[in-house]
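A.B. asks: No letters, just coordinates:
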């Protein structure tokens with residue numbers, strides 16, 4: 001037997017207070033607070049390919065995509081396909097780009113923190 005649900009009427013005369021933040025303001029505020037000032041500075045830094053190639057394991061994983069450098073280290077344990085789906089591409093640009101494009105839309109790169117651009 002399925003449980004029954006009680007219907008709760010919606011208030012039709014609700015007027016938000018003037019000091020109430022919109023969802024957009026709340027989301028922007030949360031997004032800005034999660035980015036440290038160090039990350040903002042680093043995102044404008046340029047890295048040569050040779051430096052990206054040095055970050056190639058599960059404890060230190062950088063990848064390149066679209067001319068930018070991302071730190072995938074913290075995301076590895078959160079990836080639904082498992083760590084190994086990404087770790088084999090740590091320290092790469094072309095290989096990671098091909099793998100991401102084959103499995104996901106380009107917007108998936110936004111799950112990784114941007115740390116700079118590729119020289």
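C.D. replies: Arrived safely, thanks for sending. Given the structure is predicted, the values throughout are model-derived calculations rather than measurements.
A.B. asks: Make sure residue 100 is indeed in a helix.
C.D. replies: Yes: counting by DSSP: H, G, I helix; E, B strand; the rest coil, residue 100 falls inside a helix.
A.B. asks: show me the contacts for it.
C.D. replies: Residue 100 makes contacts with 65, 106, 108-109, as judged by CB atoms under 8 Å, 6 or more residues apart in numbering. All C-beta atoms are positioned from the backbone trio N, CA, C, and that covers glycine.
A.B. asks: Report pLDDT for residue 110.
C.D. replies: Per-residue pLDDT puts residue 110 at 94.
A.B. asks: now residue 25
C.D. replies: 46.
A.B. asks: Using PyMOL, make a named selection holding only the buried ones among the contacts of residue 100.
C.D. replies: To isolate the buried ones among the contacts of residue 100 in PyMOL, judged by 16 or more other CB atoms under 10 Å, type:
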select buried, resi 65+109
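A.B. asks: and the two most separated of the contacts of residue 100?
C.D. replies: 65 and 108 (9.5 Å; CB to CB).
A.B. asks: all strands of the protein, in order?
C.D. replies: 46-47, 56-57, 60-65, 68-71, 114-118 (DSSP state E).
A.B. asks: is it true that residue 58 touches residue 84?
C.D. replies: No: applying CB atoms under 8 Å, one finds residue 58 not in contact with residue 84, separated by 9.1 Å.
A.B. asks: more neighbours, those two?
C.D. replies: residue 58 (14 against 10; other CB atoms under 10 Å).
A.B. asks: residues contacting that one?
C.D. replies: Here residue 58 is in contact with 73, 76, 83, 87, 90 (CB under 8 Å, 6+ apart).
A.B. asks: Check residue 46 too.
C.D. replies: Counted by CB under 8 Å, 6+ apart, residue 46 has contacts 116-119.
A.B. asks: Just the endpoints, please. Distance across stretch 104-118?
C.D. replies: 22 Å (CA to CA, to the nearest Å).
A.B. asks: neighbours around the closest residue to residue 85 other than its chain neighbours, how many?
C.D. replies: Excluding the flanking residues, the one nearest residue 85 by CB to CB, 6 or more residues apart in numbering is residue 79, at 6.0 Å. Residue 79 sits with 14 neighbouring residues when counted by other CB under 10 Å.
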